[in-house]
Every structure is written in C-alpha cells, then in structure tokens.
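>>> need the 3D shape of this:
(2 chains)
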Amino acid sequence: MLDISTVFNAIGYNTRVVFMGVTLLGVAAGVVGTFTFLRRRSLLSDALSHATLPGICVAFLLGNAVGLNARSLPVLLSGAALFGVIGLMSVQWLNRQTRLNEDASIAVVLSGYFGLGVVLLTLVQTVSTGNQAGLESFIMGQTAAMSAGEALAIAVLAFVAILITVLLFKELMLYSFDPDFAQGQGWSVDRLDYVVAGLTVFVTVIGLQSVGLILIVALLIIPPVSARFWTDTLSHLVVISGGIGGLSALTGALLSSQIVNMPTGAIIVCCAGFLFVVSLLFAPRRGVIGVLLRRATSQQKLLQTRQLIALLKPTAPSRLTPRQQRVMAALASRGLVKNHQLTPAGVEMATQARDNLRLWEEYLFEPTGQLPENCQWGVDDIHQMLPEDSVRLLSGRLKKRMAEESVS
Amino acid sequence: MTAIEFLQIDFPAMLAAGLAGVICGLLGNLLVLRRQSLMGDAIAHAVLPGIVISFLLTGALGATTVLLGATVSAIVAVVLIEGVRRFGVVEPGASMGVVFTLMFAIGIVLVSVFGADNVHLEPEHILFGQLENIVWLDASGWSDVLSVERLLTLPSEVLLLGGVLVMTVGFITVLSKELKVTSFDPSFASAAGLPVMVIHFALMIMVAIATISAFTSVGSILVIGLLVCPAATARLLTDRYQWQMRLSALFGLLASLGGYTLGSLVPLYLQLDFSLSASGMIAVFAGLMVVVAALVSLRRRNQVIYEFNPDQAGQ
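Residues are numbered from 1 along each chain as shown, chains lettered A, B, ... in the order given. Coordinates of the predicted model:
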C-alpha cells in the first residue's frame, strides 16, 4: 500500500494542480452523471463522447489551414464541444423523427461519428508532418503531458459544471422523478434534457485530455450506479456519486503517476470499478450481501413463526424435513421447544404469534390495505406496524367473525 | 494498379469487409428489433481483456486464440450485465455501461502493463482494425477466384469470416421461429414455454463471435456500425421480417464495399498521396445510409399521413 502523505510530499506543485483538476473532473462527472442515470439515458453519453473525435480533428485541420497553433487546447476542445452538441442533436433527430428506438439512434450516431473521426485522423496524419502525435492521446487520455495552466482550467470548468447542477438542483430533481409534473409546473422537460445533455458534453470535453473519450463515459455512469446502492435520497445520491467520482479520479491519477506506462483513464476507471464492486456487495441498504442477509433472517423468522403456530395444534407432524429439524433446533435453543413439545414460554409465544397472524389475515380484507415499508406480513407484530385504532378495528371485526363462525 | 495488385491487396480486404458486413447485417437485425443495439457496443468493448489474456497465455495473436479468449470474455460480460441488472436492480443501459467500460479499462491496463515491450499487441489495431494488412500474396490471376483449392490459400481472417457466415446463416435459419417470437413478443414467447433466456444468451454468443471475427477487419469499436446501421436502414424501409433480413445483409455488404472503395481505392485512383482509414470510412458510409433512409422514410411517412390520416378522415 502506498503511503499517501509521502507520495504527496514527493510530488511538485505542477502535479498537485493536475491532481486537483482531475479530482474535480471526477466529482463533476459523478454529479452530472446522476441525472442521466436517473433519466435512464446513461448510454447517451457514450454516443456524445465518441462524437467529439471528429470535432477534434476538424478543429485541428481548420486551425492548421488558417495558420493557428492547431495543437492549442482551446481550439481543439471547442471543436470537440461543437461536435458533441451535433451528436446530441443527431440522436434526438433520429429518435424523434424516425421509427428508430433510442438505443439504435445512439448506436448509429456513436459509430458514424467515431468512424468519421478515425477517417479524419488518417487525414491529419498526412497533413501535419510528425506533430499530430497529440491527437490520438485524446482517445485514451494522458495526464503526464498536462501543464498546470491546463489543469487549472479543467478545475475551474469542472467547478462551473458542479455549480450549474447545484443551482438547478430543484428543477433537475423534479424532472428526474416526475417529468410530467415538472412539465405541468411550466419547466420544459425538453429544455432540461438539453441542459443535462449539454452538461454531459461539457464534462466529456474537459475530461478528454486526462481520461480520454472512450472511458470518460465510465466516469459518468459508474459513480451514480454505485451511489444508488447506498441511498434512496437524491441529494445524498448526488453527493455520494460525486464523492465516488472524485475519489476514483484522484486515486487513479496518483497510481498512474507512480507506475510507468499506465494510462490514466483506464486506471481511473478501474478504481471506480473497484468502488462499484464494493458498493454492489457491501452497501448496507441495497447491496447484495445486505439484501441476502435480510432475506435469510426474514425467512428464518417466518419459518419459526409458522412452526410455533403448527406446534399449538395437538397433532404435531410425525416426520420432520431437514429444514424443519433446523427450525426446531433454533426454537429449542431459544428455549421455546423441548422434546418436540412447546415449553410454557413457547406456548405463550405461539399463542401471541397465532393471534397476531389472525389479525394480519383480517387485514387482508381491508380494501385499501397497503403494507408499510419493510414490513413482513404475518410475522411482524401488527401493533407496531399499523396505527393503534386500525388494529382495534381489525380485532373487533375478527371477534365478530369468529363468533359468527362458531355459531354456524 | 494492375489486376494482380488488386487481387493481392484489395480483393482479400474487400472480401473480408464484405463478409463482415453480411454477418453483422444479419445479426444486427435481431439486436435492433430487440432494442438491444448497444449490446453490440458493449460486447465489442468487453472482448478486449479476453483477447489480451489469451495473448499473454499463449504468446501469439492467432485466430483461434483470439476467438477463444474473446468469446469467453464476451460470455463473462453478458453474464455480468445480466447479474448487475438483477442483483443490483439497475436499468439495463446503466448495467451495460458499468460492465463494458470497466472490462475495457481492465483490458487497456493489461495491454499497458504487459504489452509495452511487445510490438504485436497494439490497442490501436484491436480498436480500429487492420483491414489494410489483409493480403493474399498467393494470388496469381483471376482464375484463382474460381478455384476452391486456390481460395483456401486466402488469409486466415477471411477463411474465419467465411466460416462464421455459414454459422450465422445456420443459426438464423434453424432458430428462425424462436428468434422471431422472442424478438417481437417476449412475454408471449415465455408463456408459450420457449426458453427466452437461453435464446438471449445464444444470440449474444453469436453476436460475440461475429464481433470478434469482424474486428480484424473493421476493429472492435467500428464493428458496432456494421451491426446496427444496416439493420437500422432496413428497419426504416420495410415492415416485413424477411425483407428486413435480406435488405440488412445487402446494406451490410454495400457499406463494406462502398466504405472500402471510398477510403482506399478512390484516393489511389485520384493519385492522392494518402489513403483514408478504410474501416472508419465503412462506419461513415453505414451511418450515411441510415441518414438517407431516414430522409426517404420521412418523406414517405409525411405523404402517408397526408393521404390516409384516420384522425382527420372523419372531420
């Protein structure tokens, strides 16, 4: 394990600025990506990022023709941004005007523009003698060649992207969850779609140099998907997603500065992927292990309750399945069962469980009966799950029904 | 340019591109109809680590090694995408995006760590293809094209593509009914007792094989253009499954030959001192076909609305 502080002290001012720029870029990608993710349009950013390649080449060729220093970053990146927007409009046009579905539109735009970029790259190679080497680096990304000025510009621009999202947070939140209501409130969903896609292009363009155009899409998708495992609240989601994006960008940049020949973009994405796997498995709320554990405990609770109630009847099943034997053993260890018979404590517990189950069954007749969140029907104590007055209503009805049944 | 030069250099490249175009055109239909066009993109990216690992294990970039490694990689990707979607409860697009970008990044890291001193393993070749490197030096004259014996001396990439084409046509004909039903009405298919998931996986493996066999000619990223664009073009022009298949295969062939001609032959003919990337040109050509078809279908649709709009008919 690398000692972070010694690494930090060993690196110079220039590198530190680069790290800051890349980290802010990661945060911005995580924040902006949250909204494309919630709108279920994550892969749109894939098409937009691929569409920037021809823009870079066209900007280079035009700059070369008019005698500008064509390698200058602002020129190249404005070309990239222009083509990102053109790519976005192409997807919208194909999607709305033709019968093609969104996935096909995205794929067509992605491959068409990227192909154009590859063709233009070969043209760039012939136009410029030997100084085109920079352009391919936009595909995979490389921070090694980044100057402090460029990194500072990236930091500022990433900060602007974050700021825009924060300022529009209320509008974006509403539009992510309830586009119809947002439309009804007078906010054009179309326009907000363009704002989010525009921010995506913005983040893609400032990430071209460090992460590269193929992998920037990973920074826009992986952090929000990972963050989703930890929370159900949008504001938390945005913060966690930005945090994951920033953390993976910083770690990736650190690692790539320590290891020779390591492409920055790829290692950043691997860091994000590591955080994704951690979230997928270990997030307490929606992580796989947490969900499986909760499912197992609730199943155990259900089985034990059922077994207890079954034991109340005088004729206990003569032959137990292996699973029933395990349940019996668990009950015995809780002191509720002894020699396949209920102990006095067990009888009390079983009677409670039975009465509770009867109330729950009565609840099924409730026409609008809706279970509260995280409630296990028939097992959890109904007195704690439902308001006291509705339980009283249920038990009144239950008594009446039982009386009727005993009469007939 | 003499006939022999054409036979030795351009003919095998055009043959490879054309075969790739037909294979991808056929399979791409099913992706477009199932709204899984981006699965081609995902698989095309996700095969990279498999290719690199199998290369590292065997030390050579032979056709079988590549095919094996990439197929395993693609299967892993498809299983992971499905797994993340199910266990993580995320939408399919996001789950795809997570899995393929991550696998691609792992592939790039492996290439940079292990492939630095190895000239044979360049990411650019895997990404953009090396159509120009497919040559048939044994060719001696036009009569070779008609002789099976001589055709077998074609480069292994071309022979592989030929084999995959036979496989693809077989797959589509044998499973024709199942593929059609699961594409158009998956709920009915599963209610009727068809193994929808098995068919899905079988299709994905076929797409993976097609992607891998085509990536030597057009590269792993541009193969998505051949998978989706011909099918989308056909989709815009016809409503019938049979025609969709035929048109799409035809457009795949057209895109490959047209793209190659524009990229390699036209600059040569005009005696320019450079040629353009043929694989890139194929993707551009395929994209332009979609645009033309979209414009044609818009015109057609507008006319139809003008003549037969039932909403306006009663007014």
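>>> ok, now how distant is the closest residue in space to residue A:38 that isn't next to it in sequence from residue A:221?
The spatial neighbour of residue A:38 that comes closest, neighbours along the chain excluded (Cβ to Cβ, 6 or more residues apart in numbering or on different chains), is residue A:176 at 4.0 Å. To be clear about C-beta, it is placed using only N, CA and C from the backbone, and glycine gets the same treatment. When distances are taken as Cβ to Cβ, to the nearest Å, residue A:176 and residue A:221 turn out to be 16 Å apart.
>>> what about those two, which has more around it?
Using other Cβ atoms under 10 Å in any protein chain shown as the criterion, residue A:176 and residue A:221 rank with residue A:221 on top: 33 against 20.
>>> how about the more buried one, what does it touch?
Listed by Cβ atoms under 8 Å, 6 or more residues apart in numbering or on different chains, the contact partners of residue A:221 are A:33, A:37, A:42, A:43, A:45, B:94, B:97, B:98, B:101.
>>> is the fifth one in contact with residue A:219, as I believe?
Read it as residue A:45. No: between residue A:45 and residue A:219 there is no contact under Cβ atoms under 8 Å: 9.5 Å.
>>> shared neighbours, the two?
Among the neighbours of residue A:45, those also in contact with residue A:219 (Cβ under 8 Å, 6+ apart) are residue A:33.
>>> ok so, going back, quick one: which of the contacts of residue A:221 has the most company?
residue A:33 (32 neighbours).
>>> hang on, it packs against residue A:226?
No: at 10.5 Å, residue A:33 does not count as touching residue A:226 under the criterion of Cβ under 8 Å.
>>> where do the contact lists of these two overlap?
Shared contacts of residue A:33 and residue A:226, defined by Cβ under 8 Å, 6+ apart, comprise residue A:241.
>>> what's near enough to touch residue A:99?
B:235, B:236, B:297.
>>> ok, and the closest non-adjacent residue to residue 255?
Using chain A. Ranked by Cβ to Cβ, 6+ apart and with sequence neighbours excluded, the top spatial neighbour of residue A:255 is residue A:267, at 5.2 Å.
>>> right idea, wrong chain: chain B
Closest residue in space to residue B:255, ignoring its immediate chain neighbours: residue B:286 at 3.9 Å, by Cβ to Cβ, 6+ apart.
>>> and residue B:85, by the same measure?
Sequence neighbours aside, residue B:95 is the residue nearest to residue B:85 in space, at 4.2 Å (criterion: Cβ to Cβ, 6+ apart).
>>> tell me the secondary structure of that neighbour, please.
Recorded secondary structure, residue B:95: helix (DSSP: H, G, I helix; E, B strand; the rest coil).
>>> what is the burial count for it?
Residue crowding around residue B:95 was assessed by other Cβ under 10 Å; the count is 24.
>>> and what of residue A:136?
14.
>>> ok, and the closest non-adjacent residue to it?
If the residues on either side of it in the chain are set aside, residue A:136 comes closest to residue A:121, at 7.1 Å by Cβ to Cβ, 6+ apart.
>>> could you do residue A:347 as well?
The spatial neighbour of residue A:347 that comes closest, neighbours along the chain excluded (Cβ to Cβ, 6+ apart), is residue A:312 at 7.5 Å.
>>> could you check the pLDDT of residue 249?
No chain specified, so I'll use chain A. Model confidence at residue A:249, expressed as pLDDT, equals 94.
>>> my bad, chain B
On the pLDDT scale, residue B:249 is placed at 95.
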